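S.K.: My questions concern the predicted model and sequence given below.
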Amino acid sequence: MEIVHTIAALRERLGEHRKAGRRIGLVPTMGYLHAGHMELVSRAKAENDVVVTSIFVNPLQFGANEDLAKYPRDLERDSAMLRDAGVDYLFAPGVTDMYPRPMQTVVDVPKLGAELEGAVRPGHFAGVATVVTKLFNIVLPDSAYFGEKDYQQVTIIRRMVEDLAQPVRVVPVPTVRDADGLALSSRNVYLSKEERAAAVIVPKALAEAERLYDLGVNDPAALEEALRAFIEKEPLATVEVAAVRHPETLEPLSKLQGQPILIALFVRIGTTRLLDNRVIGRKPSNNEKAA
Ligand SMILES: Nc1ncnc2c1ncn2[C@@H]1O[C@H](COP(=O)(O)OP(=O)(O)OP(=O)(O)O)[C@@H](O)[C@H]1O
Ligand SMILES: CC(C)(CO)[C@@H](O)C(=O)[O-]
Ligand code: BAL
């Protein structure tokens, strides 16, 4: 594996592969890698000839009072993990490599980006869409891999790719979880022992939502209220978002009639924000028909 820090150097390396007709897969990350990231890497390895993982803590997607400065970083450990996994290139630019001058250009998907997490983190998804577009332009990947833990993010990126005809296949990858169900996340490292134990309320709330939907709760406001109350029984938890939405438009729904719905949670445990979601009520596919 080669570690590359500049746009020009990466373009030069990848140009050779492209000329040889090799398929290139991109896994964009902010580093401090865990098994969730490595699942994206292994999908990318399985489907491409050359895999690029980027590690860049993107200032454009952090609000002024967010954790940009203290976001966990460990490039040495990350590069060892990526090397072991057979990644070809680790792209680890500095902020001035990615943004030599203040950016004047913004890619925004304003309607989808204002919903859910976007309402709590204004500007966040414009920062994500801008950096992901720039990474696509640098790497020109055939396919790019994103985790479903960040459901809204992958929804926005898919829409951006469609709207702008970006020549990339976006591949969503299911969420990897700890044994108790908590979604793996770099920010889990912020949790104290007590908070880590409390955090299990988040995946439990997703199971509770499914139980209530199966029982026939059909008023979205009632379902949201029940989820909020369920989560806030945990004294360390504060709900920022507990929402029932359309899984593609992310818009609120007026009535639930057994259709697939997105349950989106954004919950603070102490000062740490955790994100999780589940789509429930999917019609069984041909492969999973009831006996
Ligand atoms: N548990 C997980 N399972 C599958 N994919 C994941 C998981 N956690 C993160 N990813 C995906 O990895 C990519 C990089 O995410 P990122 O580096 O922000 O990690 P993170 O663990 O989500 O960090 P954070 O705590 O900052 O949200 C994203 O596409 C994200 O959805
Ligand atoms: C996609 C991404 C790498 C863009 O900075 C980031 O939002 C993330 O890690 O999910
Ligand atoms: N959604 C992952 C990146 C971030 O929280 O900024």
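M.R.: Sure thing, it's come through. Ligands and ions are numbered 1, 2, ... in the order given.
S.K.: Which elements pack onto the helix or strand containing Ala264?
M.R.: With elements taken from DSSP states H and E, the one containing Ala264 is strand 261-269. Of the remaining helices and strands, those touching strand 261-269 by 3 or more C-beta pairs under 8 Å, 6 or more residues apart in numbering; DSSP states H and E are helix 117-120, helix 151-163, helix 201-215, helix 220-232, strand 237-245, strand 272-280. Bear in mind the C-beta positions are built from the backbone N, C-alpha and C, glycine included.
S.K.: buried sites along the last one?
M.R.: Of the residues in strand 272-280, 272-278, 280 count as buried by neighbour count, 16 or more other C-beta atoms under 10 Å.
S.K.: and ligand 1, which of those residues reach it?
M.R.: Judged by C-beta under 6 Å from any ligand atom, the overlap between the buried residues of strand 272-280 and the neighbourhood of ligand 1 is nil.
S.K.: circling back to that earlier point, reformat the helices and strands packed on strand 261-269 into CSV and put distance to Gln104 and mean pLDDT next to each item.
M.R.: What follows is those, written out as CSV (distance: least, C-beta to C-beta, whole Å; pLDDT from 0 to 100):
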stretch, distance to Gln104, mean pLDDT
helix 117-120, 22, 97
helix 151-163, 19, 98
helix 201-215, 38, 97
helix 220-232, 39, 98
strand 237-245, 31, 98
strand 272-280, 30, 97
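S.K.: How about Ile201, nearest residue that isn't a chain neighbour?
M.R.: Glu234 (4.1 Å; C-beta to C-beta, 6 or more residues apart in numbering).
S.K.: Am I right that that neighbour sits in a helix?
M.R.: No - checked against DSSP: H, G, I helix; E, B strand; the rest coil, Glu234 lies outside a helix; its state is coil.
S.K.: Distance-wise, check it relative to ligand 2.
M.R.: In this view, Glu234 and ligand 2 are 26 Å apart by C-beta to the nearest ligand atom, to the nearest Å.
S.K.: How about Glu225?
M.R.: For Glu225, the distance to ligand 2 equals 30 Å [C-beta to the nearest ligand atom].
S.K.: same thing with Val139?
M.R.: If you go by C-beta to the nearest ligand atom, the gap between Val139 and ligand 2 works out to 12 Å.
S.K.: Please apply the same query to Ala229.
M.R.: According to C-beta to the nearest ligand atom, Ala229 and ligand 2 sit 30 Å apart.
S.K.: Out of the buried residues of strand 272-280, which comes closest to ligand 3?
M.R.: The shortest approach to ligand 3 among the buried residues of strand 272-280 belongs to Leu275, at 6.8 Å (C-beta to the nearest ligand atom).
S.K.: My understanding was that Asn58 contacts Phe125; is that so?
M.R.: No - here Asn58 lies out of contact with Phe125, judged by C-beta atoms under 8 Å, at a distance of 11.8 Å.
S.K.: No further questions, thank you.
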